[in-house]
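Q: Generate coordinates for the sequence data below:
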Amino acid sequence: MDQAAMLPELLELTAEAVASSEQVLTSAKEKIRARVTAEGRINSKKFTEEQFATHGLAWSGTYVEALRQVHGWAKSLEDDGHFGQMEQLLTQAAFGEYLSHIAHGIPMSQQEFVRPHDMYLDEQDMAPIHQGGAATLMAFGNSTACKRQIAQLIMEDNGASIYGTSGLDEDMEMFREQMMRFVEDRVAPDAHEWHLKDELIPMEVVNELAELGVFALTIPEEYGGLGLSKMSMCVVSEELSRGYIGVGSLGTRTEIAGELILCGGTEEQKQHWLPKLAAGEILPTAVFTEPNTGSDLASLKTRAVRDGDVYKVHGNKTWITHAARTDLMTMLVRTNPDEKGYRGLSMLLAEKPRGNCEHPFPAEGM
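A: Below is the predicted model of the structure:
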């Protein structure tokens with residue numbers, strides 16, 4: 001074991017680094033708030049003009065929260081006596097990498113980096129992250145020696161389902177192990193063949209996932225779900241994706257639909273749809289992305305025009321996960337063409353007939 005790869009007093013360094021990154025984030029909030037508000041409220045015109053800075057602020061906030069959570073995870077493991085070599089190395093590597101991004105540029109996409117000056121941060125604003133624990137972690141946390149040692153520990157534990165201690169509670173560990181066994185038995189042996197033949201995931205597998213409660217995880221108990229945390233969905237999706245990402249994404253479609261209906265639906269819609277989603281009786285899909293419009297949802301062009309008691313939808317959608325097999329579409333459309341941006345958009349719950357390999361889209365006009 002190369003002890004030189006490990007930083008001494010690591011949790012003191014990470015605690016200090018979290019505080020420093022929070023200072024930088026606070027400065028960014030203040031600088032950007034001054035540019036996007038008028039009379040104490042966000043001004044939509046100014047907000048749009050500063051969308052690169054505000055997008056960067058969102059990324060920065062996510063990075064800082066990630067560091068805060070990693071520190072909390074590490075601290076809880078230390079308190080329980082489970083903060084071993086792998087956990088320490090992973091912690092310092094994560095801090096070294098993320099702090100460097102915050103200090104010098106966060107990759108928001110393959111070609112888009114937000115740097116401190118893009119959020120109007122000057123040298124004084126950035127000073128906290130270039131000193132103390134943050135500076136030490138940036139310089140030595142994600143060193144070559146650290147990464148080499150992580151690789152060595154992985155090789156020594158070849159075949160493990162995870163590397164390091166997860167820190168999950170007993171219920172989450174139970175879900176993880178249950179999904180791991182399911183993947184080994186029902187997914188991994190056939191997944192590559194499904195991919196090569198471009199086949200839909202067999203309904204027997206989907207039905208077994210429903211029986212295991214995968215579609216009910218975060219739906220409240222009063223609507224037929226298990227009422228568990230978002231962490232349960234993360235754990236289950238990760239383990240299922242280990243076998244085949246197509247299977248791992250099945251539960252997330254129900255998660256998206258359930259959240260949209262819970263937050264924006266009527267009580268009648270909740271009573272009608274949520275129990276069926278939780279039971280796996282209804283499979284949903286999120287119909288958002290369009291050709292030339294990916295994550296910029298405010299620029300969607302697909303129109304929904306009211307015609308009596310129905311909406312007629314005109315346009316194109318693409319990259320729709322599990323599109324053919326599903327029964328319900330959560331469809332983001334433009335219902336007010338006179339309103340640009342997000343203000344003219346609406347979310348529709350649109351039923352569709354379930355397709356198969358021979359007839360993926362049996363609905364007329366689809």
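Q: and Leu212, how many residues sit next to it?
A: Here the neighbour count serves as a burial measure; for Leu212 (other CB atoms under 10 Å) it reads 18. (Each C-beta comes from the backbone N, C-alpha and C, glycine too.)
Q: which residues sit in contact with it?
A: Applying CB atoms under 8 Å, 6 or more residues apart in numbering, one finds that Leu212 lies in contact with 178-179, 182.
Q: Kindly recompute the last result at 7 Å.
A: When the contact criterion is CB atoms under 7 Å, 6 or more residues apart in numbering, the partners of Leu212 are 178, 182.
Q: same question, the one 5 residues further on
A: Applying CB under 7 Å, 6+ apart, one finds that Leu217 lies in contact with 226, 228, 232-233, 236, 251.
Q: Which parts of the helix or strand in which Pro189 is found count as buried, going by neighbours?
A: Take DSSP states H and E as the rule and Pro189 turns out to sit in helix 188-196. Of all the residues in helix 188-196, those buried under the rule 16 or more other CB atoms under 10 Å are 191, 194.
Q: Other residues contacting it?
A: Contacting residues not belonging to helix 188-196 are listed as 201, 243-244 [CB under 7 Å, 6+ apart].
Q: hang on, the earlier thing: which of the contacts of Leu217 are buried?
A: Burial by neighbour count, judged by 16+ other CB under 10 Å, picks out 228, 232-233, 236, 251 from the contacts of Leu217.
Q: Does Pro327 touch Gly355 like I think?
A: For the record, residue 327 is Asp, not Pro. No - Asp327 is not in contact with Gly355 according to CB atoms under 7 Å; the separation is 9.9 Å.
Q: Which stretches in the stretch 101-250 of the chain count as strands?
A: Taking DSSP state E, counting those that start in this stretch, the strands of the stretch 101-250 of the chain run over residues 106-107, 113-114.
Q: hey, which of those strands is tucked in deepest?
A: Each of those was given a mean neighbour count from mean count of other CB atoms under 10 Å, and the largest, a mean of 18, is that of strand 113-114.
Q: How far does that one sit from its chain's centre?
A: Mean C-alpha position of strand 113-114 versus that of the full chain (CA atoms, centre = their mean, to the nearest Å) differs by 20 Å.
Q: try stretch 148-165
A: 25 Å.
Q: and if you look at stretch 242-262?
A: On the basis of CA atoms, centre = their mean, stretch 242-262 sits 11 Å off its chain's mean C-alpha point.
Q: For it, buried residues please.
A: Neighbour-count burial for stretch 242-262, counted by 16+ other CB under 10 Å, picks out 242-244, 246-258, 260-262.
Q: same check, this time on stretch 47-65
A: Within stretch 47-65, the residues scored as buried using 16+ other CB under 10 Å are 50, 53-54, 56-57, 59-60, 63-64.
Q: hang on, the earlier thing: which single one of the contacts of Leu217 is nearest to Thr37?
A: For the contacts of Leu217, the minimum distance to Thr37 (CB to CB) is 34.8 Å, reached by Met233.
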